[in-house]
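In: Okay, here's the prediction I keep looking at, along with the sequence it came from:
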Amino acid sequence: NRFTAANQTALTMMVFGMINWTFTWLRPGGPISYAAFAEEVLAVLDRGLGTP
């Protein structure tokens, strides 16, 4: 397992921090839709945290 308990906590905090701050810039009618943003988040999680 490449994730230790310590870095699992750090990774969790980073992911939630990334998502929780979107209210400051993600707006209806803006350059990226909520659906497109959700797809990007899922892609980052899949590629960045998935099995190599």
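Out: Looks like it arrived, so ask away.
In: what's stretch 16-35 in contact with?
Out: 37, 40, 41 (C-beta atoms under 8 Å, 6 or more residues apart in numbering). In this view, the C-beta of every residue, glycine as well, is placed from N, C-alpha and C.
In: cutoff 7 Å now
Out: Surrounding stretch 16-35, the residues in contact under the criterion C-beta atoms under 7 Å, 6 or more residues apart in numbering are 37, 41.
In: end-to-end on it?
Out: Using C-alpha to C-alpha, to the nearest Å, the span of stretch 16-35 from its first residue to its last is 18 Å.
In: List the buried residues in that stretch.
Out: Going by neighbour count (16 or more other C-beta atoms under 10 Å), nothing in stretch 16-35 comes out as buried.
In: Quick one: mean pLDDT for that stretch?
Out: Mean pLDDT, stretch 16-35: 90.
In: how distant is that stretch from the center of its chain?
Out: Its chain's average C-alpha position is 11 Å from that of stretch 16-35, according to C-alpha atoms, centre = their mean, to the nearest Å.
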